[in-house]
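*Asks:* Provided below for reference: sequence and predicted model.
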Amino acid sequence: MKPWQEEYERKLVTAEEAVNHIKSGGHVFFTAGRQTQALGLALAARKEELRGVKVLVPTPDRDFGWYDRGWEESFDIIVGFGMPIVWDMMAEQRCDMAVGGLRGLEAAEIAIDVVLVEVSPPDEHGFCSFGQSVWNKKEQVERAKLVLAEVNSRLIRTYGTNYVHVSEIDYFVEHTPSEKLPGRADLRGKAVSGVREEVKGIAEHLATLIKDGDTLEIGVGTTTEPLPQLGIFDNRQDLGWHSEHTPGKVVELIREGVFTGKHKTINKGKAVATAVGGSLEDLQYVHMNPKFELHSVNYVNDVRTISAHDNMVAINNALSIDLTGQITAESLGTRMLGGTGGQLAFAIGSAFSKGGRCITILPSTARDGTISRIVPTHEPGTAITVPRTLADFIVTERGIACLRGKTQRQRTEEMIALAHPDFRAELRKEAKKLYWP
């Protein structure tokens, strides 16, 4: 038996034994992506024993109970993204929210007593993989006083910096979740006919902004992620990929040779991201495929890395945009619906890229056409994700606006043209009050 195997066996415990090391008043971090299931349930089971444990959940997607009322004395929850499972909790101000920096959720000033992380079984050299997402897991493992790892036998391995050694982990818990797929929901399998009509219209306009040889980033969201299946890359050649997340359809397009990375300025020929999704077939294709590299979000979302790519095209969605180009993808007023993410970093990076473009997309209306997403000014308290100084191309199903280099009055005219006709008269009336004598 190799030394690392003996070490692994020594560190192998039950979930209950592992979380017994968590003390009242401690700081516990889940890593971004999937939360560890067995460790999370075991921690929740200690509700009556623990008091004042700060639990940071960057991307909440599992319900361990602590998002409900009555858990506040035991667990002080901090969330990174306003995902649906925590919307009620956030609206009732029963949790805190971490504010990320240019590379997303950093939380560098918060001490980490314990980090809970999902890993693959170790390979022949004693290295585990983080599976289909790296995010800032390596950095959290390095900073934490105690590392509890849940070993999921279904996790894939990739090239890049997607690894951690057995020696860096304090305790292992073997647990493979019962669900079949280890990744996010596969949007590729959703029929094109089921995509909203306004998203199809956005895709038609967006396709005219994509050129052969561009390097693409597509943000997470229900408007952005269906785009690759709507033909926006049809008849394009030698596209490159450098993105925070990789939708399953993009994996398919890499397999088909649409994305080759041939003209990438750095990491030529490689599809680089910090996370990848899709079907089981997609993930099996990514597994140990040298075309793919998963790296820390601190590298992928670094403005210097992004801007080093010529013709870097960043495509992200928004909740709302005002008439001068102030973009929010996080909140409507003080109501948080998203998170910081890497959108600002890609907006800056693409702005400094030679030939780069920053494209923000959104349907022109919400709530079945009763509300305009193009607004005169944002509600008080709205978190501005991308300032107007970085607003470039804006796309709705009504067309394309190019705001770069435009005056306030010119911007208002372009933005009003993107709004639904039912709201244009009122927007023009408000614009006259705001920007004309």
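*Replies:* The structure has been received and is ready for your questions. Keep in mind that this is a model prediction, so the values were computed, not measured. Numbers count the residues shown, from 1 in each chain.

*Asks:* residue boundaries of the helices in the stretch 151-300 of the chain?
*Replies:* 197-207, 248-255, 280-286, 297-300 (DSSP state H, counting those that start in this stretch).

*Asks:* low-scoring stretches of the stretch 1-150 of the chain, by residue?
*Replies:* By pLDDT under 70, the low-scoring segments of the stretch 1-150 of the chain are 103-109.

*Asks:* now the strands: where do they sit in it?
*Replies:* 27-30, 53-57, 75-79, 96-97, 114-119, 127-128, 146-151 (DSSP state E, counting those that start in this stretch).

*Asks:* same thing with the stretch 251-400 of the chain?
*Replies:* Using DSSP E, counting those that start in this stretch, strands in the stretch 251-400 of the chain cover 271-276, 292-294, 312-317, 320-322, 327-328, 331-332, 335-336, 357-361, 365-366, 371-372, 374-375, 393-396, 399-402.

*Asks:* make a markdown table out of these and add mean pLDDT.
*Replies:* Below are the strands of the stretch 251-400 of the chain laid out as a markdown table (pLDDT from 0 to 100):
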| stretch | mean pLDDT |
| --- | --- |
| strand 271-276 | 98 |
| strand 292-294 | 98 |
| strand 312-317 | 98 |
| strand 320-322 | 98 |
| strand 327-328 | 98 |
| strand 331-332 | 94 |
| strand 335-336 | 89 |
| strand 357-361 | 98 |
| strand 365-366 | 97 |
| strand 371-372 | 98 |
| strand 374-375 | 98 |
| strand 393-396 | 98 |
| strand 399-402 | 98 |
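
*Asks:* let's have these in a markdown table, adding distance to residue 34 and mean neighbour count.
*Replies:* (Glycine included, C-beta is placed from N, CA and C.) What follows is those, written out as a markdown table (distance: least, Cβ to Cβ, whole Å; neighbours: other Cβ atoms under 10 Å):
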| stretch | distance to residue 34 | mean neighbour count |
| --- | --- | --- |
| strand 271-276 | 10 | 26 |
| strand 292-294 | 15 | 24 |
| strand 312-317 | 23 | 27 |
| strand 320-322 | 30 | 23 |
| strand 327-328 | 27 | 25 |
| strand 331-332 | 25 | 22 |
| strand 335-336 | 22 | 17 |
| strand 357-361 | 27 | 25 |
| strand 365-366 | 29 | 16 |
| strand 371-372 | 33 | 16 |
| strand 374-375 | 35 | 23 |
| strand 393-396 | 32 | 23 |
| strand 399-402 | 37 | 18 |
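
*Asks:* re the thing from before, would you tell me which of the strands of the stretch 1-150 of the chain gets closest to residue 196?
*Replies:* Taking Cβ to Cβ, strand 75-79 is the member of these nearest to residue 196, at 27.1 Å.

*Asks:* centre of the chain to the closest one, how far?
*Replies:* On the basis of Cα atoms, centre = their mean, to the nearest Å, strand 75-79 sits 20 Å off its chain's mean C-alpha point.

*Asks:* partner strands of that strand, with direction?
*Replies:* Strand 75-79 pairs in its sheet with strand 53-57 (parallel), strand 96-97 (parallel), by DSSP bridges.

*Asks:* contacts for the shortest one?
*Replies:* To tie it back to what came earlier, the one meant is strand 96-97. Residues from elsewhere that reach strand 96-97 (Cβ atoms under 8 Å, 6 or more residues apart in numbering): 76-80, 82, 90, 336, 339.

*Asks:* same thing with stretch 163-171?
*Replies:* With contact meaning Cβ under 8 Å, 6+ apart, stretch 163-171 is reached by 4, 7-8, 11-13, 17-18, 21, 117, 119, 122, 126-130, 137-138, 141-142, 146-149.

*Asks:* quick one: residue 244 from residue 209, how far?
*Replies:* Distance, residue 244 to residue 209, by Cβ to Cβ, to the nearest Å: 20 Å.

*Asks:* these two - which one has more neighbours?
*Replies:* residue 244 (24 against 16; other Cβ atoms under 10 Å).

*Asks:* pretty sure the more buried one is touching residue 274, no?
*Replies:* Yes. Look at residue 244 against residue 274 with Cβ atoms under 8 Å: they come within range, at 5.7 Å.

*Asks:* name the residues contacting each of the two.
*Replies:* Joint contacts of residue 244 and residue 274 (Cβ under 8 Å, 6+ apart) are 297, 300-301.

*Asks:* longest helix in the chain, by residue count?
*Replies:* What stands out as the longest helix in the chain, according to DSSP state H, is helix 421-435.

*Asks:* returning to that earlier point: could the contacts of strand 96-97 go into CSV alongside distance to residue 412?
*Replies:* Listed next are these as CSV, based on distance: Cβ to Cβ, whole Å:
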residue, distance to residue 412
76, 44
77, 41
78, 38
79, 35
80, 34
82, 29
90, 32
336, 27
339, 29
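
*Asks:* closest one of those to residue 328?
*Replies:* The closest of these, once distances to residue 328 are taken by Cβ to Cβ, is residue 336, at 10.4 Å.

*Asks:* go ahead and confirm the closest one touches residue 90.
*Replies:* Yes. Under the criterion of Cβ under 8 Å, residue 336 makes contact with residue 90 at 5.2 Å.

*Asks:* which neighbours do these two share?
*Replies:* In contact with both residue 336 and residue 90: 82, 97, using Cβ under 8 Å, 6+ apart.

*Asks:* any idea what the closest residue to residue 162 other than its chain neighbours is bridged to?
*Replies:* The shortest distance from residue 162 to any non-neighbouring residue, by Cβ to Cβ, 6 or more residues apart in numbering, is to residue 294 (4.4 Å). Beta-bridge partners for residue 294, by DSSP bridges, are residue 160, residue 273.

*Asks:* pull the contacting residues for residue 294.
*Replies:* 130, 132-134, 158-162, 272-276.

*Asks:* repeat for residue 69
*Replies:* Neighbouring residues of residue 69 by Cβ under 8 Å, 6+ apart: residue 94.

*Asks:* ok, 7 Å please
*Replies:* Listed by Cβ atoms under 7 Å, 6 or more residues apart in numbering, the contact set of residue 69 is empty.

*Asks:* need phi/psi at it.
*Replies:* phi -60, psi 150 (degrees, to the nearest 10).

*Asks:* identify the bridge partners of the closest residue to residue 419 other than its chain neighbours.
*Replies:* Closest residue to residue 419 apart from its sequence neighbours, by Cβ to Cβ, 6+ apart: residue 374 at 4.1 Å. Legend: beta-bridge partners of residue 374 under DSSP bridges are residue 321.
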